[in-house]
Each structure stands twice: as C-alpha cells, then as structure tokens.
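Participant: return a 3D structure for these sequence lines:
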Amino acid sequence: MKLASLFALFALGNAECQLDFDMEGKMLTREIVLSQIAADCNEANNVTSIYVLNASLPFDNENGTLFEGLFQVQELAIWYSPNLQLSSRLLEDQDNLKTIMFEHNNMPTSFPADFFSQTPYVETLMIQYNNLTSIPPTLFAGMGSYLEFLYLDSNLISEFSAEQFIDLRWLETLILDNNTLTTLPVGILNSDLARLVYFSIEYNPLLTYTLPRNFFENVTSITDIHLDGTPLQFAPDFSFVSEGSYSYIETISMSNMGLSSIPATMFANRLDRLTTITLENNLLTEIPENAFGCASSPSAVCQNLVMLMLDYNPLTSLHALAFEGMTYLETLGLQSTNLRSINGQFFPLTHLKNLYLSNTPSLVLEPAAFASQSLLINLDLENCGLTSDLAGIFDPLINLRQLNLRNNLLTTLAETSLFGLTLLSSLDLEFNRLTTLPSQLFNRSVLLTQLLLNNQTNVLGTNSLSSLPLGLFNPLSILGTLDMDTPPRCEQGIDDTVRPGSCRSIYTVDFSGTRTMWGGYVLSGLEPSPDEPAGGSIGWIIAGVGLVMVGGGFLYTRRAKQVTLNSDSNAGYTPLREADNVI
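Facilitator: Presented below is the predicted three-dimensional model:
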C-alpha cells in the first residue's frame, strides 16, 4: 500500500462520511456545503466522499473555496453540471484524493493548466462526456507517481501532444475513445508508459492517419489494444510486436475499421499470450494462408489463442490453411458472411467449442465439414440456406449440446441426421419447410430438453407438420420445452366443417417430464378436472401433462401414456371422449 493511503486510513479511523448534493441546476455554495457537513458528518474531518449532481458551478472566488478544509476526502464526483467552470483553487487541501470523476458536464472552457497540481495521489481520473475540445499540455504534470487509470473518452478533443502523457510511470489504462482525433503525435506512447496494459482509441475519425510500424514498441507491458471504429491505415510493415521482443498482448480488437485486408506482417512476430482477435464488421473478402502468423511461428505462439471473431465481413473464401496452427481455438465467429462452402478449413481446430455460421445464406456443408470438431458444444447454422440431407454431417460432434438450424430450407431430415448427437440438449428447427419427421429421429438424443419446431400449417416459411409418426417423442423423457406454436389442423370440407374422424389420431407418447409448451402454457402436476375448454381451438392433448392451453381455454388430462391429436375449425370443436383418457 502506498504511503499516502496509509496516512489517510490512519486519519480517517472509522468515521467515514459521504456528502451528496443534488442541486437540480442551482448554484452550489460554501454555505450549503457547511450546512450539509453539520447535518450529516458532524465535522469536516469525517468527510471522505463528495458527490455533486446537477449543480451550477460558475467561475468565481467562492468556487475555489467550496471544499476548503476537507482534508480527508478520497473521492470527488461532479456529474451533469449545466455550467461547470473550474477554478484552480477548487482542489486546494485535497491531497488525499484517490478518485476524481468529472462526467456529463457542460464545460464551456477547459481545465486550468495547474488544476490537478495539488492532487498528486490520485489513482483514477475520469474526464468523460464533458464536450471538452482540448486538454492543457501540462494538466497531468506531477501525477505520474500514482495515476493508474485515465479516462478521457466521449469528449470533442481533436488532438493530444506527446508531452501530455510523459512521466505517467504508473499508468495502466488509457482510454481516448469517441473524440474527434484526426492524428496521433509521434511518441504519444512514450517509454514512460512502460506499465500501460490497456489502450483504447475507438471511434475516432483518423481517416488519413497511418499507424507507424512500431507504434507499440515502448509499451511492452500492454495486454489490451482496442482500435474499433477507427478508420486508420497501417504501415505496410506494421507489427504489433517488434521483431525479437516478447509480448504480453492478450486482446486485439479491430472491428468496424473498414479493413479490406490483413497486413502480412501484422501478426508476424511473437504474440505468445494472445487470446482474442476481433475483426468483425470490416471489408475482408478472404482469409489467406497463415494470415494470423500461427502456422509459421514457433510452437508456443497461438497456443493461447481461444477466440477469433470474423463476423459481418463479406468473406467469400477461407484458404485451406487459414486456421493452421490454431489448435487451441475455442470460439470462431463467421456469422453474416458470403461463404459458399465448408470443406476441410476447420481441420486444424480440434479444440473448437463454439462455431457461429448463421446468416450465411448460400452455405454448403461438405460431408467432412466438421470431421475434427469432436469437442464442439454449440453450433449455430441459422439462416444458411441449407436444403440438402444432413445425414452424417453431424456424426463427429459427439459433445454437441446446442444445434441451431432455424430459418433454413430443410424439407426433410434423414432418420440418422441426429444419431451422433447423443449429448444434444437444445435443437431449433423453427422456420424451415418440414412436412414430416422420421419416426426414429430422436432415438439417440435422449438428453434433449428443448425442441423448437414452430409448426404453422400452410403458412409460407414455416414447418407444415400435418401429422407425426407413432412414438416419435418416446425417447425424450426429460424434454422440458416443446414449441409447436400451433398444432396440425384438421382436414376441412368445402363448407369449413370438420370431416368426421379427420382430426383424431392416437399415439403412444410419454411426456411426463414436460414443463413448458407453446410459450409456457403447459404445466405438470395438476389435479384432473372435468372442465371443458372455454372455447376456441382444441390443440394437442399430452398425456403426463396436467394443463394444456388450447385456443382460448384450458383442458385437463389424465396422466396416461396417450396423446390425442385434434385441431380446430371455424365451426367449433368435437368434444373428446372419456375413452381417450381425457376428462
């Protein structure tokens, strides 16, 4: 613990007190501060925190003496001031301050150049959302021995000088996001920032700025780099790590930058600790061989890379060796791309657990698409235009838990489509074109707890399951959620009356474990009742389930292994008989 902190703790003892001022746009005066101290804290030495909300603080002599004599304050926050003009005297006597927050204020002028000169022990400084257009070059002078976290984001600052961050030897986090920066000075990441671990310049209009080759060479301890939304250019030989240097970088985020290619040298040098690369929402059309330097680097490199996000790029191809060397990758994002086929590109990814391929509307899955993904847990193939038989494609995925096939063009499924998925717990088949399901489809997926089918007969773009085979759901003894949306309808005559016998079919089914159906309207464990529906449709009556909501009413069933398939018509419904095990 630092010496100043020890002195502060000794002086404070147990008598800590917080002052809160919500001024509703009015002036905060010295008299108000003294009155609040007397009412809440007894004496000035007990005040440790001051929070000022929505107070007007125009520049005058009194502004500078507001907190005079409050020697033990460790945290000061001024938020949402409609008129904040700061006097250099405001922080007099505040040499125990550890945290300062100026956020969401209207500051028509910048800070006085010596504003923080009497607060050398500040560790966290947050100057955010204040509409500031500039920062005095010497504003942080004298804070280098303790300042660790500096937030200057969400202002209107157009430039910084290299001198502004000199001597900040303890700085760990520097955030400059959402300003109006068009350039960065040479040496902004100077050698004094040797402890810097988190650097972010997201969403600045650096349209004509080129990041030089060794921009990060002085910040050898950096772990997180965030450049998202910043349309800068990279020097042709740019690299995150200087040749021969050791890197602590763990996360590199470069989404929404307009990148059309990845510089060949960007990941060329040692990035031994890198865990996450994010390149979402760029203009990448291909991932070339060894784009991330994993194949040609020493064996230790890329062994910690667990997440690669390439979503929302117009990718049309992946080189056969694009992911070579990424043996330990666990999450790969390829959503919303233009990929046409998957055939062997994932072979090196033997530890992959999460694969996102949704919204890839012309995707073709070759037979060996997932041949080496035996550890995969979550596979998202929503809206991929899948039409072909999927038999055998999922067989290697022996650990898969979640499979999303929603919103494809599947019309049939082979009985063996899910045979390899013995641990599957969630299956989404909604918004396909299925007209039937094979009787043994779920025979090996006995751990399924959620099944989503969204059946809407004769509705374009949804499943139209007019009937289901005998015993289809028998293996699903622990199914907790079945979403059919609407049950199959009865065959109707030309006069909209139900044809006799057209909507009655009895199957052997055990749904004793079911808890929710059709948005949560099926419950279990209720006592049988002779009540009939209040009106409307008669839907599926599931044995082993206590309450089914069908149309506008409720129907109670015995806990028997029978299911009666009925439906509705405009002419009403046919009451179920006691022989159908329904009361």
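Participant: all helices for this structure, in order.
Facilitator: For the chain, the helices defined by DSSP state H occupy 3-12, 30-40.
Participant: burial measure for Glu31, as a count.
Facilitator: Using other Cβ atoms under 10 Å, Glu31 has 9 other residues around it. C-beta here means a position set from N, CA and C on the backbone, and glycine is covered the same way.
Participant: and it, what's its pLDDT?
Facilitator: At Glu31, the model reports a pLDDT of 89.
Participant: now Leu555
Facilitator: pLDDT, Leu555: 32.
Participant: check Val364 too.
Facilitator: Note for Val364: predicted pLDDT of 92.
Participant: now for it: which residues touch it?
Facilitator: Contacts for Val364 were tallied using Cβ atoms under 8 Å, 6 or more residues apart in numbering; they are 340-342, 388.
Participant: strands - which of those residues land there?
Facilitator: Taking DSSP state E as the definition of strands, these contribute 341-342.
Participant: filter the contacts of Val364 down to the buried ones.
Facilitator: By neighbour count, with 16 or more other Cβ atoms under 10 Å, the contacts of Val364 hold Ile342 as buried.
Participant: now distance to Gly333 and pLDDT too, for the contacts of Val364, in JSON lines please.
Facilitator: Below are the contacts of Val364 laid out as JSON lines (distance: Cβ to Cβ, whole Å; pLDDT from 0 to 100):
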{"residue": "Arg340", "distance to Gly333": "18", "pLDDT": "93"}
{"residue": "Ser341", "distance to Gly333": "18", "pLDDT": "92"}
{"residue": "Ile342", "distance to Gly333": "14", "pLDDT": "91"}
{"residue": "Ser388", "distance to Gly333": "24", "pLDDT": "75"}
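Participant: related to what we said a few turns ago, and the helices of the chain, which one averages the lowest pLDDT?
Facilitator: In terms of average pLDDT, helix 3-12 trails the rest of the helices of the chain, at a mean of 40.
Participant: report the contact partners of Leu365.
Facilitator: Going by Cβ under 8 Å, 6+ apart, Leu365 touches 341-342, 381, 386, 388, 390, 393.
Participant: now it: how far from Ile32?
Facilitator: 69 Å (Cβ to Cβ, to the nearest Å).
Participant: nearest spatial neighbour of Leu156, skipping sequence neighbours?
Facilitator: Once flanking residues are discounted, Leu156 sits nearest to Thr133: 4.8 Å by Cβ to Cβ, 6 or more residues apart in numbering.
Participant: distance check, the one you found against Asn443.
Facilitator: 68 Å.
Participant: again, but for Arg30
Facilitator: 80 Å.
Participant: was I right about Arg406 contacting Glu430?
Facilitator: Yes - Arg406 is within contact range of Glu430, at 4.9 Å (criterion: Cβ atoms under 8 Å).
Participant: which neighbours do these two have in common?
Facilitator: With Cβ under 8 Å, 6+ apart, Arg406 and Glu430 have common neighbours Leu452.
Participant: burial count for the residue found closest to Leu227 once you drop the neighbours it is linked to in the chain?
Facilitator: Spatial nearest neighbour of Leu227, excluding adjacent residues (Cβ to Cβ, 6+ apart): Met254 at 5.1 Å. Neighbour count for Met254, taken as other Cβ under 10 Å: 21.
Participant: hang on, isn't Met254 packed against Thr278?
Facilitator: Yes - contact criterion Cβ under 8 Å: Met254 and Thr278 qualify, at 6.6 Å.
Participant: in terms of contact, does His351 touch Leu376 like I think?
Facilitator: No - applying Cβ under 8 Å as the test, His351 and Leu376 come out as separate, 9.5 Å apart.
Participant: of those two, who's got more company?
Facilitator: Taking neighbours as other Cβ under 10 Å, His351 and Leu376 compare with Leu376 leading, 25 against 16.
Participant: tell me who's in contact with that one.
Facilitator: By Cβ under 8 Å, 6+ apart, the neighbours of Leu376 are 352-355, 370, 397, 399-400.
Participant: returning to what we had before: which of Arg30 and Asn443 has more neighbours?
Facilitator: Between Arg30 and Asn443, counted using other Cβ under 10 Å, Asn443 has the larger neighbour count: 17 against 14.
Participant: for the residue lying closest to Asn269 once chain neighbours are set aside, grab the count of nearby residues.
Facilitator: Spatial nearest neighbour of Asn269, excluding adjacent residues (Cβ to Cβ, 6+ apart): Val241 at 4.2 Å. Using other Cβ under 10 Å, the number of residues around Val241 comes to 23.
Participant: so how far is stretch 411-429 from its chain's centroid?
Facilitator: Put simply, stretch 411-429 sits 28 Å off its chain's centre (Cα atoms, centre = their mean, to the nearest Å).
Participant: swap that for stretch 101-110, please
Facilitator: Using Cα atoms, centre = their mean, the offset of stretch 101-110 from its chain centre is 30 Å.
Participant: can you measure across it, start residue to end residue?
Facilitator: Criterion Cα to Cα, to the nearest Å; first-to-last residue distance in stretch 101-110 is 15 Å.
Participant: just stretch 191-204 next, same as before
Facilitator: Start and end residues of stretch 191-204 are separated by 24 Å (Cα to Cα).
Participant: repeat that for stretch 171-179.
Facilitator: Counting by Cα to Cα, you get 20 Å between the two ends of stretch 171-179.
Participant: cool, thanks, signing off.
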